[in-house]
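1. Predicted coordinates and the sequence they were generated for:
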Amino acid sequence: METRNIGIKDKICCKHVFKSFTDLNGNMTEVLRDINLTVAENEFLVILGPGQCGKTTFLNIMAGLEPPTSGEILLDGEPIEGPSPKRGMVFQRIALFPWKTVMENVAMGPKLRGIPKKEREEKAAYYIKLVGLAGFEKAYPHQLSGGMKQRVGIARAYANDPEVLLMDEPFGHLDAQTRYQMEHEVLRIWEQARRTVIFVTNNIEEAVYLGDRIVLFSRCPATVKAEYIIDLPRPRQYTDPKFLELRQEIAGKTDLAL
Ligand SMILES: Nc1ncnc2c1ncn2[C@@H]1O[C@H](COP(=O)(O)OP(=O)(O)O)[C@@H](O)[C@H]1O
Ligand SMILES: [Mg+2]
């Protein structure tokens, strides 16, 4: 019985994705080996894997920033070719324009797409409010904390009206307290503005807290080692026995520290 509140339509389908890099001496490094996965529309999928296993490489391919060596990725049945505003990225270190305000940073994508000022500022204001930064529209990045910058990054990604949000360890650099808060916030935002999310992390607890499903990557070259459907109700409690059990089970399958 399907109990998760997600679409039944497949949004993304990765088929036999391989990726290798060749250095200047001709030495080849295989990073992704035969990745197959399907992501349902509006699903919150977490990719969990150790450092250097190929998670960013995989997201870059999903974003269309790099081609796979072989295999294909379909979005709504169409192959991904090159970057598109349909696929928004949120990075570990949010690169905001330091000389632009929060409003200007968030409205940048729509501006580049030629959306008139009034319309793009309304859109930006909506997402700035959604991420909890109403009142900071005129602030500059240096006036914001790490967590607030990350919120701006999320608002900026949403302001492009992406169908898919790709999040690459977005909370990896935050202190533990802010990280818990942002994990909670990202779900609140997602519940209000549903999108298909692929969220990458190396943190088991974060993965169990966030995901509808976890896809576990092995060490490099990454293969899909296991998949877990997390059907615990949200908001999840980090100390719930079922949460801890799942965390323990996943830990037993990985080289990741608890
Ligand atoms: N452009 C590149 N050229 C050569 N090697 C790369 C390139 N990008 C990533 N790699 C290698 O691929 C492996 C996986 O990197 P990455 O995808 O960044 O891992 P993760 O995000 O899981 O930490 C690393 O060994 C890295 O050195
Ligand atoms: Mg990475």
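-> Structure's in. What do you need? Ligands and ions are numbered 1, 2, ... in the order given.
2. For this structure, what lies in contact range of ligand 2?
-> Within the chain, the positions near ligand 2 by Cβ under 5 Å from the ion are K55, T56. C-beta here means a position set from N, CA and C on the backbone, and glycine is covered the same way.
3. Would you map out the domains in the chain?
-> According to automatic domain parsing, the chain is divided into the following domains: 1-86+163-258, 96-161.
4. For the ones you listed, please prepare JSON lines with the additional fields mean neighbour count and mean pLDDT.
-> Listed next are the domains of the chain as JSON lines, based on neighbours: other Cβ atoms under 10 Å; pLDDT from 0 to 100:
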{"stretch": "domain 1-86+163-258", "mean neighbour count": "17", "mean pLDDT": "92"}
{"stretch": "domain 96-161", "mean neighbour count": "18", "mean pLDDT": "95"}
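5. Let's have those in a markdown table, adding distance to ligand 1.
-> Formatted as a markdown table, the entries for these read as follows, by distance: least, Cβ to the nearest ligand atom, whole Å:
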| stretch | distance to ligand 1 |
| --- | --- |
| domain 1-86+163-258 | 3 |
| domain 96-161 | 17 |
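6. where do the helices sit along the stretch 1-150 of the chain?
-> With DSSP state H, counting those that start in this stretch as the definition, the stretch 1-150 of the chain shows helices at residue ranges 55-63, 102-112, 117-130, 146-159.
7. The stretch 151-258 of the chain too?
-> Per DSSP H, counting those that start in this stretch, the stretch 151-258 of the chain has helices spanning 176-192, 204-210, 241-253. These are given in chain order.
8. List the contacts of the last one.
-> Looking back up the chat, that one is helix 241-253. Under the contact criterion Cβ atoms under 8 Å, 6 or more residues apart in numbering, helix 241-253 has outside partners 48, 204-205, 207-209, 214, 216, 225-226, 228, 230, 232, 236-237, 258.
9. Now do the contacts for the most centrally placed residue in the chain.
-> Nearest to the mean C-alpha position of the chain, by Cα atoms, centre = their mean, lies M167 at 2.0 Å. Contacts here follow Cβ under 8 Å, 6+ apart; on that basis M167 touches M89, V90, V186, V197, I198, F199, V200.
10. Am I right that the fifth one is in contact with L37?
-> Same thing as I198. No - I198 lies out of contact with L37 (Cβ atoms under 8 Å); the separation is 9.4 Å.
11. between those two, what contacts are shared?
-> The contact sets of I198 and L37 overlap at I12, L45 (Cβ under 8 Å, 6+ apart).
12. and stretch 37-49, how far apart are its ends?
-> Chord length of stretch 37-49, first to last residue, is 15 Å (Cα to Cα, to the nearest Å).
13. in the stretch 1-150 of the chain, what residue is nearest ligand 2?
-> Shortest the stretch 1-150 of the chain-to-ligand 2 distance, computed as Cβ to the ion: residue-wise this is T56, at 3.2 Å.
14. close enough to count as contact, that residue and N202?
-> No - with contact defined as Cβ under 8 Å, T56 does not count as touching N202 (11.0 Å).
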